[in-house]
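K.L.:
One predicted model, sequence on top.
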Amino acid sequence: MTAPNVLVLRSPGANCDVESAYAFELAGAKTESIHIRRLLENPSLVDDFQILCLPGGFSYGDDVSAGRVLGNEVRLHLADACNRFKEAGKLVLGICNGFQVLMKTGLLDVDDDQGPLATLTLNDSGHFEARWVRMAVEPGECVFLQGLSDIELPVAHAEGKFVARDQAVFDQLASAGRLVLRYTAADGSSPAGYPANPNGAMGDVAGVCDSTGRVFGLMPHPERFVEHTQHPRWTRGGIDGGVGLKVFENAVGYFR
Ligand SMILES: NC(=O)CC[C@H](N)C(=O)O
């Protein structure tokens, strides 16, 4: 199978598109960065790709709330193209701001006829949080997390707190295997507690997938740990490689 084509979505204020494209290319994909304005002019452009990546950053300056404006553009003007993309069995990855966008698009199946089942909101601390965190992967169908169990990645965000509509909805999402990535304490135990859980997320949730396992959003940045030299302790040895690369390799391998 030839290398999958990845569409890395660019938008005003998004600033992790280059490293996201690099991570996919390191994993064996071909990438093209396309600006949202170009996509709105020609939504069928998405049909040429197998993977859609919504990178991190500050799209539209986080105006209104992080991911809201770009999420509305996708939901209101690209719904047919994105639903066609998803129904064709393709993959969608939302990283940090991209996750915030995904939560607003309907692609993560986190809505019902009453509105959102869950959202991402302001960190409990009330300020931007940036640090390396440890996480546990919930076994399941998420394509991007296959073969991963206990990982360490960096986070950097102000609005990363996952909250569900209520405990019953949270339990429903959890039992459906949708809450696939959770912060843990530094020793791997739960609950994580602050600052190991940097935002106060309900149930320590750091990442969510849709019901197919092919659409995945996470607050941590796997593209910031694809090479061992990106780890803060790489000079002390014992850091074999960038575990974040596996997220991208899983996506590429899905089409092989
Ligand atoms: N690193 C990011 O993508 C940040 C996401 C968003 N701008 C926030 O601060 O929450």
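P.N.:
Yep, it's here.
K.L.:
Please list the residues of the stretch 151-256 of the chain that sit near the ligand.
P.N.:
Contacts of the stretch 151-256 of the chain with the ligand, taken as CB under 6 Å from any ligand atom, map to Ala156, His157, Ala158, Glu159, Gly160. In short, each C-beta sits where N, CA and C put it, glycine included.
K.L.:
residue boundaries of the strands in the stretch 51-200 of the chain?
P.N.:
Remark: strands assigned in the stretch 51-200 of the chain by DSSP state E, counting those that start in this stretch are 51-54, 91-95, 111-112, 115-116, 118-121, 129-137, 150-157, 161-164, 181-184.
K.L.:
farthest-separated two in the residues of the stretch 151-256 of the chain next to the ligand?
P.N.:
Ala156 and Glu159 (11.6 Å; CB to CB).
K.L.:
Of those two, which one has the most company?
P.N.:
Just comparing Ala156 and Glu159: by other CB atoms under 10 Å the higher neighbour count belongs to Glu159, 20 against 17.
K.L.:
Quick check: closest non-adjacent residue to the more buried one.
P.N.:
In space, and not counting its chain neighbours, Glu159 is closest to Ala66: 4.1 Å by CB to CB, 6 or more residues apart in numbering.
K.L.:
re earlier: can I get the strands of the stretch 51-200 of the chain in TSV with mean pLDDT?
P.N.:
What follows is the strands of the stretch 51-200 of the chain, written out as TSV (pLDDT from 0 to 100):
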stretch	mean pLDDT
strand 51-54	98
strand 91-95	98
strand 111-112	94
strand 115-116	94
strand 118-121	98
strand 129-137	98
strand 150-157	97
strand 161-164	98
strand 181-184	98
